[in-house]
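> Compute the structure for the input listed below.
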Amino acid sequence: MSDEVVTPPSNSPASTPTTPPSATPWWLSANDLQPPVQNNRASGITIRLALVMTLLAGGVGAIVDRTLSMHNSNLVSTRSTVQRAPDSIAGIAARVSPSVVSIDAQTSSGGDTGSGFFIQSDGTILTNNHVVEGALTSGGSITVNLTNGKSYPATVIGRDGSYDLAVIKIDVTDAPALQLGDSDKIQVGDPVIAIGSPLGLAGTVTSGIISAKNRAVTSGGGNGESSFINALQTDAAINPGNSGGPLVDNNGAVIGVNSAIASLGSSFSSQSGSIGLGFAIPINQAKKTAEQLIKTGKATYPLMGISVDSTFAGPGARIANTPNAILPGGPAARAGLRVGDIITEIDGISIGNADELIVAIRSHNIGDRVTIHYLRGATTKTAVVTLVAKK
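Predicted coordinates:
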């Protein structure tokens, strides 16, 4: 485990349109409106070409006979086009890609490239906090690039480092907002597609499956604040620049926001790109946070009112033996927890370490009642804790 490092990765053919040009959506590019290329090669063949083909295919002595026989024959070329089902990777990519944007966040010392996608038709875009954080804190600029080649300056509506999410907006109307799915219903093995701008290559599509659910992923933010994600794991290739892009199911609905990758440690190699271990914020969590950011410009998260001992290796998460490790009057205090207690389970989910405890708590809603099991010495105890909002 010490060699696995989780890091943020930021830094069918179209048919001829039947509507008049004035009715064409503004977010489509000219390439999206081109008819499929047909094979228009002539079906006949000349005697000279027949001679060349004969020389390539057989001996010189057969030239005359083979030329005469081919003079009256035709080569058959097909004019059919490939039909792609709407739920194929190509069909889903064609529908979803116009809704995915590339984000350039310029800072005083350089810039970051990430991805995002429209969640409202008024130009509201969801992305990762670490994509825009540097530009915002350094007084830089944020530019959104669409698939049709157009670019727009963006403003930040709100961002939250604890969940690594941000909402930005550009001045457009009738943007092609994506449908949001239900990440709770996704199952291990379900096919998924990731779309974004890895290494600045906008519109890149990769596919894979859901490899695991409820992965406790912790990643550091640019200002030292850590994000705790109860992540979906996928083997769809995700690389730097995919951050903030959508992970969609086989209906084209967003089920996650691509946010982090695992890379090999120095004892293995210097590889920092995709090794088939990508992580996405479940869309159910992202949607709740985005709604808070749109409404108030900030988001909050649930807590149980304790500080945990980060040096405790587990199993379990130990309440730190420090002053104010248990918030006076907070949920844990009211439930009777004490410093030194080791929390081993929350709502039937085993807790292996402090990060897993934080992720498990933040995957709940404010006001949820959770059942915890904990060790006090050699005794196992149970308590019910009502989660409150961080102030």
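
> List the contacts of the residue lying closest to residue 353 once chain neighbours are set aside.
In space, and not counting its chain neighbours, residue 353 is closest to residue 314: 4.4 Å by C-beta to C-beta, 6 or more residues apart in numbering. To be clear about C-beta, it is placed using only N, CA and C from the backbone, and glycine gets the same treatment. Contacts were defined as C-beta atoms under 8 Å, 6 or more residues apart in numbering; by that measure residue 314 touches 351, 352, 353, 354.

> could you measure the third one against residue 313, distance?
When distance is defined by C-beta to C-beta, to the nearest Å, residue 353 is 7 Å away from residue 313.

> between the two, which one's more packed in?
Using other C-beta atoms under 10 Å as the criterion, residue 353 and residue 313 rank with residue 353 on top: 17 against 11.

> Show me the longest strand that occurs in this protein.
strand 204-220 (DSSP state E).

> burial measure for residue 192, as a count.
Close neighbours of residue 192, defined as other C-beta under 10 Å, add up to 24.

> For it, name its beta-bridge partners.
In this entry, residue 192 is beta-bridged to residue 208, by DSSP bridges.

> Tell me which residues touch it, please.
Contacts of residue 192 by C-beta under 8 Å, 6+ apart are 186, 207-210, 234, 236, 247-250, 255-256.

> quick one on the thing from earlier: what would the contacts of residue 314 look like in TSV with secondary structure?
Rendered in TSV, the data for the contacts of residue 314 read as follows (DSSP: H, G, I helix; E, B strand; the rest coil):
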residue	secondary structure
351	coil
352	coil
353	coil
354	helix
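
> Throw together a PyMOL command that grabs the buried residues out of the residues you listed.
Only the buried entries of these go into this PyMOL selection, using 16 or more other C-beta atoms under 10 Å:
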select buried, resi 351+353+354
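
> quick one: average pLDDT of the longest helix along the chain?
Ranked by residue count and defined by DSSP state H, the top helix of the chain is helix 283-296. Taken as a whole, helix 283-296 has an average pLDDT of 94.

> What are the contacting residues of it?
119, 124, 126, 157-160, 163, 165-167, 180-184, 230, 254-257, 298-300, 363, 365.

> Could you list every helix and strand in contact with the helix or strand harbouring residue 261?
Following DSSP states H and E, one finds residue 261 within strand 254-264. Applying 3 or more C-beta pairs under 8 Å, 6 or more residues apart in numbering; DSSP states H and E, one finds that strand 254-264 contacts strand 4-7, strand 191-196, strand 204-220, strand 226-234, strand 246-248, strand 278-282, helix 283-296.

> buried ones in that strand?
For strand 254-264, a neighbour-count test (16+ other C-beta under 10 Å) marks 254, 255, 256, 257, 258, 259, 260, 261, 262, 263, 264 as buried.

> same thing with stretch 165-179?
Neighbour counts over stretch 165-179 (16+ other C-beta under 10 Å) mark 165, 166, 167, 168, 169, 170, 172, 175, 176, 177, 178 as buried.

> Residue 208 is in contact with residue 237, correct?
Yes - in terms of C-beta atoms under 8 Å, residue 237 counts as a neighbour of residue 208; the distance is 7.3 Å.

> Give the intersection of the neighbour lists for these two.
Joint contacts of residue 237 and residue 208 (C-beta under 8 Å, 6+ apart) are 194, 276.

> quick check, the residue nearest to residue 353 in a strand?
No - under three-state DSSP, residue 314 falls outside any strand and is assigned coil.

> change the start of the numbering to 5 and stick with it
New numbering, starting at 5: the last item is residue 318.

> Local confidence estimate at it?
Looking at residue 318, its pLDDT is 80.

> Distance of it relative to residue 287?
Distance, residue 318 to residue 287, by C-beta to C-beta: 30 Å.

> So which of the buried residues of stretch 169-183 belong to strands?
Secondary structure from DSSP E places 169, 170, 171, 172, 173 of the buried residues of stretch 169-183 in strands.

> so what's the first one up against?
Under the criterion of C-beta under 8 Å, 6+ apart, the neighbours of residue 169 are 130, 131, 132, 133, 163, 261, 285, 290, 293, 294, 297, 303.

> List the contacts of the last one.
It refers to residue 303. Residues in contact with residue 303 (C-beta under 8 Å, 6+ apart) are 162, 164, 166, 167, 169, 293, 296, 297.

> Closest to residue 382 out of the residues you listed?
Nearest to residue 382 among the contacts of residue 303: residue 166, at 34.8 Å, using C-beta to C-beta.

> Just to be sure, the closest one is in a helix?
No - Residue 166: not assigned to a helix; according to three-state DSSP it is coil.

> what separates it from residue 285, distance-wise?
11 Å.

> more crowded one of those two?
Neighbour totals were compared for residue 166 and residue 285, and residue 285 leads with 27 against 19 (other C-beta under 10 Å).
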